[in-house]
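1. What follows is a predicted protein model with its sequence.
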Amino acid sequence: MSLTNSSRNFWKFRLSPDCSWSLDYSEADQDSTGQTTSEAQKNLTFYELDLGLNHVSRKWSEQVDNGANMLAMVPGGGDGPSGDLVCVENFVIYKNQEHPDVRATEYGDIFKVTLDHETDKVKELKIKYFDTIPVTSSMYVLKSGYFFAASEFGNHVLYQFQAIGEEVDMEASSATLLETEEGFQPVFFQPRGLKNLVRIDQVESLMPIMDMKVSNLVGVVLAHH
């Protein structure tokens, strides 16, 4: 599962809130059964850096799903409502102090995430299927209009944006998210070839061999690496 934000990237801050995961294992040290460790709750803690005073203060903290695995910062001030996007299995959740959770379902590959907001109040979170590329370990969006994908299992690839996913397509929205007795209703999409990205160049991977095939030629079994 991979996620990306739209062309307005989440890394511009003045007086910038930052956050991190935290787990309290103090009680687990005294429990040899391991039960306390299994019940440990992951928390999302926000900090604020005052650039004038060169001082960091802890603003607030709250529990999040233990499956949360990635954070994307949302710019504040004149650039956006601030806060963070919390990526959990099958969900992206918008978090900010004294702001109700805004979430949308997601499955799959590369997505464009859009926040509909008025000043510092987020009204809607939208996730739209963007494109499909090989599984990556990290991705970088460059201001010059390029997109670099560090592949997990193959060559690293440099792409160029030819569109930003503005056309009508399947979209998940927090405003239309439906919750049933079995949980939230999933949103499905149909994977396709590249539509918004164009492959420009690639760097050959020096990764070790990860696969092999066995064939039987004239009664002799050969293993091909």
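-> Perfect, I can see it now.

2. which regions of this structure lie under the pLDDT threshold?
-> Within the chain, the ranges that satisfy pLDDT under 70 run 1-25, 98-108, 168-170, 175, 178-180, 183-188, 208-210, 217-225.

3. Please compute how far stretch 36-56 lies from its chain's middle.
-> 19 Å (C-alpha atoms, centre = their mean, to the nearest Å).

4. if I pick K195, what's in contact with it?
-> Counting by C-beta atoms under 8 Å, 6 or more residues apart in numbering, K195 makes contact with D131, A163. Using the backbone N, CA and C atoms, a C-beta is placed for each residue, glycine as well.

5. change it to 10 Å
-> Y129, F130, D131, T132, Q162, A163, G165, E167, D169 (C-beta atoms under 10 Å, 6 or more residues apart in numbering).

6. before we move on, what about E167?
-> For E167, the contacting residues are K128, K195, N196, by C-beta under 10 Å, 6+ apart.

7. Please identify the helix or strand for it.
-> Assessed by DSSP states H and E, E167 sits outside every helix and strand.

8. again with V157
-> strand 156-161.

9. Tell me the buried residues in the longest strand along the chain?
-> Ranked by residue count and defined by DSSP state E, the top strand of the chain is strand 121-131. Counting neighbours by 16 or more other C-beta atoms under 10 Å, one finds that the buried residues in strand 121-131 are V122, L125, K126, I127, K128, Y129, F130, D131.

10. and that strand, how far out from the chain's middle?
-> For strand 121-131, the distance to the chain centre is 12 Å (C-alpha atoms, centre = their mean).

11. Restricting to C-alpha, output the helix or strand following that strand in CSV.
-> Where DSSP H and E defines the elements, the next helix or strand beyond strand 121-131 is strand 136-141. In CSV, the C-alpha atoms belonging to strand 136-141 read as follows (Å, rounded to 0.1, in the frame of the first residue of the first chain):
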residue,chain,number,x,y,z
THR,A,136,8.4,1.1,-3.5
SER,A,137,10.3,1.6,-0.3
SER,A,138,10.0,5.4,-0.6
MET,A,139,8.7,8.1,-2.9
TYR,A,140,9.7,11.7,-3.5
VAL,A,141,7.8,14.4,-5.3
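
12. What are the buried residues along strand 136-141?
-> For strand 136-141, burial by neighbour count (16+ other C-beta under 10 Å) applies to T136, V141.

13. what is the orientation angle of that strand with strand 156-161?
-> Per axes from the mean of the first three to the mean of the last three C-alpha atoms, to 10 degrees, the angle that strand 136-141 makes with strand 156-161 is 40 degrees.

14. Tell me the helices and strands packed up against the following helix or strand past strand 136-141.
-> From strand 136-141 onward toward the C-terminus, using DSSP H and E, the following helix or strand is strand 146-151. Judged by 3 or more C-beta pairs under 10 Å, 6 or more residues apart in numbering; DSSP states H and E, the packing partners of strand 146-151 are strand 136-141, strand 156-161, strand 197-203.

15. Redo the ones you listed as TSV? Include distance to S57.
-> Below are these laid out as TSV (distance: least, C-beta to C-beta, whole Å):
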stretch	distance to S57
strand 136-141	30
strand 156-161	38
strand 197-203	41
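
16. Go through those strands and name the closest to V92.
-> The minimum distance between V92 and the helices and strands packed on strand 146-151 falls on strand 136-141, with 15.6 Å, by C-beta to C-beta.
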